[in-house]
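1. Mind looking at a prediction? Sequence and model below.
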Amino acid sequence: MDFLYLTLLFVFIAAAVFAGTGALLPFLRGRAILDHPNERSSHDTPTPKGGGIAVVATLLIGWAGIAVITDPTQQSVFVVIIAAAALAALSWADDLRGLSPLARLAGQFVAVAAVLMLAPSGGPYFQGLLPPALDSLAVAVLWVWFINVFNFMDGIDGITCVEAICLGIGIALVAETGAIIGFYGLVVAAAAVGFVKWNWHPAKIFLGDVGSVPLGFVLGWLLLGLAANGQWAAALILPAYYLMDATVTLVRRALRGEKVWQAHKGHFYQQAVHGGLSHAAMARSVLAMNSILIVLAILSTKGWQGPALIAAALLAAGFLRYLAKDRRS
């Protein structure tokens, strides 16, 4: 695929998501499919949710188109597309009437297991450090965790769009020249670009679980693809902030004896907004943070794995400390 084709594809995907979201809004409002504010919310007025329908549908159609054009015999991506669509349907049901945490987890594990069994990667994800069975089991657990990280972190306006854009572009830059995984990453980024205008503060519409869960699923698959290709350090560096914010928050809540599966306002990005940082400023901070992480991920592919990983971990930890500051005085 040449540069002109990729540019046209990016613009087309972004425009389709933007238009699709605009068409979806009256439907969601008319049926009162709204996210109502509560004590754990970061918004003040009832807001339509379910914008992820336009994002995920366009993204998956784009992926299918790339697969057909580049290699019609390639089956792995179609397994991922079907699994992501099934997760979107399950998550839409969760948006509408609520599902138990066990049901959500079961669906995520089934989707992940289906891909790992029917469309396995060409190489071990942990670089041969684990036996094959343990390698797959560990990957399944980490993948499901990443799906939930992406869902947990979708708590303020614009932040998940920014993260998806950065991860998609970062994956495309880190992937080898001409690698199909990079094209898939660009489609994710384009879909998020098309949605960000609607989701920027004050948000006119939310992704909902129907958007954040499948996005976490497909981005997790792309990151695992990097790891299986030997670019494991980059796969850890690119989502370093999201992973650290969600993981540290979960551990702290568990140590306090809280029900970690329940919605809350304990994430560092939520503390930052509660402490005086606006939604837009928080999203821009994530953009700046991820821009540095992308540079570090690229450096990790140039023989600087150790230093890049250490720098990413220190940077993410410092960013969490920055977010925890109270700016209201």
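-> Good, I have the coordinates.

2. List the contacts of Asp157.
-> Each residue near Asp157 by CB atoms under 8 Å, 6 or more residues apart in numbering is listed here: Ser42, His43, Asn199, Trp200, His201, Pro202, Ala203, His279, Ala280, Ala283. C-beta here means a position set from N, CA and C on the backbone, and glycine is covered the same way.

3. That one in helix, strand or coil?
-> Three-state call for Asp157 (DSSP: H, G, I helix; E, B strand; the rest coil): coil.

4. Run through the strands of the protein in chain order.
-> Ranges of strands in the chain, per DSSP state E, are 34-35, 47-48.

5. quick one: Pro48 and Pro26 touch, right?
-> No: contact criterion CB atoms under 8 Å: Pro48 and Pro26 do not qualify, at 9.2 Å.

6. how deep is Gly266 tucked in, by neighbour count?
-> Counted with other CB atoms under 10 Å, the neighbours of Gly266 add up to 18.

7. Check the gap between it and Lys259 for me.
-> 12 Å (CB to CB, to the nearest Å).

8. Could you do Leu59 as well?
-> 32 Å.

9. Quick check on those two: which one has the bigger neighbour count.
-> When neighbours are counted by other CB under 10 Å, Leu59 comes out ahead of the other of Leu59 and Lys259, with 31 against 10.

10. Spatially nearest residue to that one, not counting backbone neighbours?
-> In space, and not counting its chain neighbours, Leu59 is closest to Ala191: 4.3 Å by CB to CB, 6 or more residues apart in numbering.

11. Leu60 is in contact with the one you found, correct?
-> No: if you go by CB under 8 Å, Ala191 and Leu60 don't touch, sitting 9.4 Å apart.

12. Between those two, tell me which one has more neighbours.
-> Ala191 (34 against 22).

13. re earlier: would you reformat the contacts of Asp157 as JSON lines and include neighbour count, pLDDT and distance to Ile66?
-> JSON lines is the format used below for the contacts of Asp157 (neighbours: other CB atoms under 10 Å; pLDDT from 0 to 100; distance: CB to CB, whole Å):
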{"residue": "Ser42", "neighbour count": "19", "pLDDT": "68", "distance to Ile66": "35"}
{"residue": "His43", "neighbour count": "18", "pLDDT": "66", "distance to Ile66": "35"}
{"residue": "Asn199", "neighbour count": "28", "pLDDT": "96", "distance to Ile66": "25"}
{"residue": "Trp200", "neighbour count": "16", "pLDDT": "95", "distance to Ile66": "28"}
{"residue": "His201", "neighbour count": "17", "pLDDT": "93", "distance to Ile66": "32"}
{"residue": "Pro202", "neighbour count": "12", "pLDDT": "93", "distance to Ile66": "34"}
{"residue": "Ala203", "neighbour count": "22", "pLDDT": "94", "distance to Ile66": "30"}
{"residue": "His279", "neighbour count": "22", "pLDDT": "93", "distance to Ile66": "33"}
{"residue": "Ala280", "neighbour count": "15", "pLDDT": "95", "distance to Ile66": "32"}
{"residue": "Ala283", "neighbour count": "23", "pLDDT": "95", "distance to Ile66": "28"}
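
14. out of those, which one sits closest to Asn229?
-> Proximity of the contacts of Asp157 to Asn229 (CB to CB) peaks at Ala283, which lies at 30.3 Å.

15. The closest one reaches Thr160, doesn't it?
-> No: shown here, Ala283 and Thr160 do not form a contact pair, counting by CB under 8 Å, at 9.1 Å.

16. what's Gly52 in contact with, if anything?
-> Under the criterion of CB under 8 Å, 6+ apart, the contact list for Gly52 reads Ala88, Ser91, Leu207, Gly208, Asp209, Val210, Gly211, Ser212, Pro214, Leu215.

17. sorry, back to before: quick one, which of the strands of the chain is packed in tightest?
-> Comparing the strands of the chain by mean neighbour count (mean count of other CB atoms under 10 Å), strand 47-48 ranks first with a mean of 22.

18. name the helices or strands packed onto that one?
-> When contacts are defined as 3 or more CB pairs under 8 Å, 6 or more residues apart in numbering; DSSP states H and E, strand 47-48 packs onto helix 3-30, strand 34-35.

19. and Ala233, which of these is closest to it?
-> Of the helices and strands packed on strand 47-48, nearest to Ala233 by CB to CB is helix 3-30, at 25.7 Å.
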